[in-house]
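J.: this one's structure only:
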Ligand SMILES: *Cc1c(COP(=O)(O)O)cnc(C)c1O
Ligand code: SF4
């Protein structure tokens with residue numbers, strides 16, 4: 001498993017010293033790989049990938065924590081973890097039907113950064129920052145700079161929720177909310193916990209997978225220690241992402257009383273085989289994580305080369321259901337603008 005770039009990559013990243021007051025995960029995020037040439041060098045990939053990577057990284061920069069890169073197989077341009085993060089020339093090719101805001105999210109925000117699309121739950125876009133840049137992400141074109149941050153911004157969101165007793169769950173999303181410091185998240189969580197009709201606080205984050213050091217004592221203290229039932233939806237697409245440190249982080253969450261779910265995106269060349277999806281569900285089960293959604297790709301420009309057609313997607317999930325207990329089969333869904341929830345593909 002530890003086949004690769006670990007030593008060399010991590011050692012060249014910096015002096016390994018934390019800035020004052022900095023948590024380990026914050027240092028690791030600061031030291032993440034941001035230069036396509038460096039990733040290509042560290043993983044001994046063909047030099048022919050460089051021009052495309054540089055061009056595509058100008059549209060959406062490369063970002064990958066060194067620990068995640070260390071799980072990739074050196075010399076393999078088709079590695080399923082690498083494909084999720086390596087910018088490719090394919091991204092620069094416009095494809096009909098693939099647009100910059102496929103979900104029309106601009107249209108369902110009652111307040112800046114607050115999405116209220118589905119009954120009983122609201123989604124707060126807490127930040128535009130992520131710990132990894134996933135090449136297929138629909139947020140790659142999101143106008144995050146429009147979203148002000150901090151208490152002055154989330155208090156109106158709290159007031160909106162407080163006025164609507166039918167809302168019992170708040171989702172923190174982004175970007176990735178766990179790129180924010182614990183002090184800020186804890187303050188936000190405390191403000192929501194003071195609203196009596198709220199019952200659950202849900203976080204959608206990829207950090208437990210790509211930067212498992214994020215699941216530290218400071219995080220568990222506020223997230224698992226508050227009044228609201230904590231739910232964490234992680235995002236793993238391939239069994240190899242469930243490295244020992246990730247499994248340990250997921251188990252810590254479970255032990256602390258957090259409900260941990262996983263959502264994946266169905267991605268060509270990453271996880272579009274029955275064997276791959278089967279191995280992912282089993283690896284999640286071993287970590288105490290419940291498979292939740294398998295998303296059909298949002299048709300965002302630059303991501304067309306990841307698309308799997310709907311018929312093949314349905315066939316994959318049917319074959320998966322023949323092999324696994326029902327509770328390990330994720331629901332195949334697509335997000336359609338204007339629908340009251342994720343739309344099942346049946
Ligand atoms: C996906 C999503 C949710 C959560 O949907 P669940 O089916 O509850 O997981 C809520 N709000 C928005 C805007 C979403 O996109
Ligand atoms: S929002 Fe999630 S899927 Fe998109 S780039 Fe960030 S971590 Fe990846």
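T.: Structure received. What you see is a predicted model, and the numbers here were worked out from it, not measured in a lab. Ligands and ions are numbered 1, 2, ... in the order given.
J.: what's the domain layout of this structure?
T.: 24-92, 105-344 (automatic domain parsing).
J.: Residue 99: which of the ones you listed is closest?
T.: Closest approach to residue 99 among those (CB to CB): domain 105-344, 5.9 Å. Glycine gets a C-beta too; all of them are placed from N, C-alpha and C.
J.: where's the closest one relative to the chain centroid, distance-wise?
T.: Centre-to-centre, domain 105-344 and its host chain are 6 Å apart (CA atoms, centre = their mean, to the nearest Å).
J.: quick one: average confidence on that domain?
T.: The average pLDDT within domain 105-344 is 94.
J.: Indicate the residue of the stretch 201-346 of the chain located nearest to ligand 2.
T.: residue 206 (3.8 Å; CB to the nearest ligand atom).
J.: Can you classify the residue lying closest to residue 119 once chain neighbours are set aside by secondary structure?
T.: Of all residues not flanking residue 119 in the chain, residue 340 sits nearest, at 6.3 Å (CB to CB, 6 or more residues apart in numbering). Here residue 340 is coil, with the state taken from DSSP: H, G, I helix; E, B strand; the rest coil.
J.: hang on, the residue of the stretch 201-346 of the chain closest to ligand 2 packs against residue 131?
T.: Yes. At 6.6 Å, residue 206 counts as touching residue 131 under the criterion of CB atoms under 8 Å.
J.: Identify the contacts common to those two.
T.: residue 176 (CB atoms under 8 Å, 6 or more residues apart in numbering).
J.: neighbours of residue 197, just the number please.
T.: Using other CB atoms under 10 Å, residue 197 has 11 neighbouring residues.
J.: Including distance to ligand 1, could the domains of the chain go into TSV?
T.: Listed next are these as TSV, based on distance: least, CB to the nearest ligand atom, whole Å:
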stretch	distance to ligand 1
domain 24-92	20
domain 105-344	4
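J.: Sketch out the helices for the stretch 1-150 of the chain, chain order is fine.
T.: 6-12, 24-30, 36-42, 50-59, 66-69, 82-85 (DSSP state H, counting those that start in this stretch).
J.: quick one: which of those is nearest residue 328?
T.: Per CB to CB, nearest to residue 328 of the helices of the stretch 1-150 of the chain: helix 82-85, 22.1 Å.
J.: tell me the mean pLDDT over that closest one?
T.: pLDDT averaged over helix 82-85 gives 98.
J.: Residues touching it, excluding its own?
T.: 39, 43, 45, 62-64, 68-69, 72-73, 76, 132-136, 237, 267, 269-270.
J.: How about that helix and ligand 2, any contact?
T.: No. On the criterion CB under 6 Å from any ligand atom, helix 82-85 is out of touch with ligand 2, staying 8.2 Å away.
J.: what do you get for stretch 262-274?
T.: No. Shown here: stretch 262-274 not in contact with ligand 2 (CB under 6 Å from any ligand atom), separated by at least 7.4 Å.
J.: Surely residue 264 is within a helix?
T.: No. Under the criterion used here (three-state DSSP), residue 264 is strand, not part of a helix.
J.: what number of residues lie near the nearest residue to it once chain neighbours are set aside?
T.: If you skip the residues right next to it in sequence, residue 264 has residue 237 as its closest partner in space, 4.8 Å away by CB to CB, 6+ apart. When neighbours are counted by other CB under 10 Å, residue 237 registers 27.
J.: Residue 274 is in contact with residue 316, correct?
T.: Yes. Using CB under 8 Å, residue 316 is in contact with residue 274, at 5.8 Å.
J.: tell me which parts of the stretch 1-150 of the chain are close to ligand 2?
T.: 130, 132, 133, 134, 137, 139.
J.: What residue in the protein is the furthest from its centre?
T.: In the chain, the residue that sits farthest from the middle, by CA atoms, centre = their mean, is residue 163; the gap is 30.0 Å.
J.: Report the buried members of the contacts of helix 82-85.
T.: 39, 43, 45, 62-64, 68-69, 72-73, 76, 132-136, 237, 267, 270 (16 or more other CB atoms under 10 Å).
J.: Ignoring the adjacent residues along the chain, who's closest to the residue of the stretch 201-346 of the chain closest to ligand 2?
T.: residue 235 (4.4 Å).
J.: before we move on, what about residue 331?
T.: Closest to residue 331 by CB to CB, 6+ apart is residue 293, at 5.5 Å.
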